[in-house]
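Sharing a sequence plus its predicted fold:
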Amino acid sequence: EDQVTQSPEALRLQEGESSSLNCSYTVSGLRGLFWYRQDPGKGPEFLFTLYSAGEEKEKERLKATLTKKESFLHITAPKPEDSATYLCAVQAEEYGNKLVFGAGTILRVKS
Amino acid sequence: SAVISQKPSRDICQRGTSLTIQCQVDSQVTMMFWYRQQPGQSLTLIATANQGSEATYESGFVIDKFPISRPNLTFSTLTVSNMSPEDSSIYLCSVSTGANVLTFGAGSRLTVL
């Protein structure tokens, strides 16, 4: 059973069309939930860390939120340059210091 | 944050051969991590490399298949041995830059024919 599930697998938006990406997790003893952005041909780039339910973090058009079972990455008025694969990862007591990644959501924003 | 250089960036290899991927960091780090990213699948940790000790491998990965060297605090190599088409993947090196945040190299895309 997957411990970290991201949905949708792929998302196409028009420029300016806001939406949300989901990351659900089933691990116990969450220590942190991480969001990364990955552009083609590059390694993942860190965006946010969330530690507890109710926490929110923002950066430009992105806002990440966390509940006890899932996290959302809200994208407000996206631009074509927001096109990328967005990965979430969890760190939990049952895995020690290891990060467990989801498979990612591929976002395409068309102008 | 750390800057990581990986090479080769991509390679096409024949079945049964081995390939060594190099990872150079611009600062000294205690632990370096090697990940595999297969198409449509999650980023998966292969092993953790500490300088001066044997690498620690995750379940499903063995030293004979993925030998790792860590000769100093800024450099590591991962070898993919006796390759098969199933080893076609992107291999990524990463380091922790504080608060469990990982910085990744650009990756090495391996295609095995």
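Received, thanks.

Could you tell me which residues of chain B lie near chain A?
B:4, B:40-45, B:58, B:92, B:94, B:99-107 (CB under 8 Å from any CB of the partner chain). To be clear about C-beta, it is placed using only N, CA and C from the backbone, and glycine gets the same treatment.

From the residues you listed, which land in strands?
B:Ile4, B:Leu43, B:Thr44, B:Leu45, B:Leu92, B:Ser94, B:Leu102, B:Thr103, B:Phe104 (DSSP state E).

what's the burial count for the residue in chain B that chain A sits nearest to?
Going by CB to the nearest CB, chain A is nearest to B:Phe104 of chain B, at 3.0 Å. B:Phe104 has 23 neighbours, counted by other CB atoms under 10 Å in any protein chain shown.

That one: what's it in contact with?
Neighbouring residues of B:Phe104 by CB atoms under 8 Å, 6 or more residues apart in numbering or on different chains: A:Gly43, A:Pro44, A:Glu45, B:Ile4, B:Tyr35, B:Leu92, B:Cys93, B:Ser94.

Going through those residues, which ones are buried?
A:Gly43, A:Pro44, B:Ile4, B:Tyr35, B:Leu92, B:Cys93, B:Ser94 (16 or more other CB atoms under 10 Å in any protein chain shown).

And these, which is closest to A:Glu17?
A:Glu17 lies nearest to A:Pro44 out of the buried ones among the contacts of B:Phe104, by CB to CB, at 24.6 Å.

was I right about A:Lys63 contacting A:Ala77?
No. Using CB atoms under 8 Å, A:Lys63 makes no contact with A:Ala77, being 11.8 Å away.

ok, these two, which is more surrounded?
Using other CB under 10 Å as the criterion, A:Lys63 and A:Ala77 rank with A:Lys63 on top: 16 against 12.

Next, give phi and psi for A:Thr26.
phi -120, psi 10 (degrees, to the nearest 10).

Do I have it right that it meets A:Gln3?
Yes. A:Thr26 is within contact range of A:Gln3, at 5.6 Å (criterion: CB under 8 Å).

Those two - which one has more neighbours?
A direct count of neighbours by other CB under 10 Å for A:Thr26 and A:Gln3 places A:Gln3 higher, at 17 against 12.

Right, and chain B sits closest to which residue of chain A?
For chain A, CB to the nearest CB, closest residue to chain B: A:Gly43, 3.0 Å.

what residues are up against that residue?
B:Ile4, B:Leu92, B:Ser94, B:Thr103, B:Phe104, B:Gly105, B:Ala106, B:Gly107 are the contacts of A:Gly43 under CB under 8 Å, 6+ apart.

again, 6 Å this time
B:Leu92, B:Phe104, B:Gly105, B:Ala106, B:Gly107 (CB atoms under 6 Å, 6 or more residues apart in numbering or on different chains).

and what of B:Ala47?
B:Ala47 neighbours (CB under 6 Å, 6+ apart): B:Trp34, B:Ala55, B:Tyr57, B:Ile68.

Alright, that wraps it up for me.
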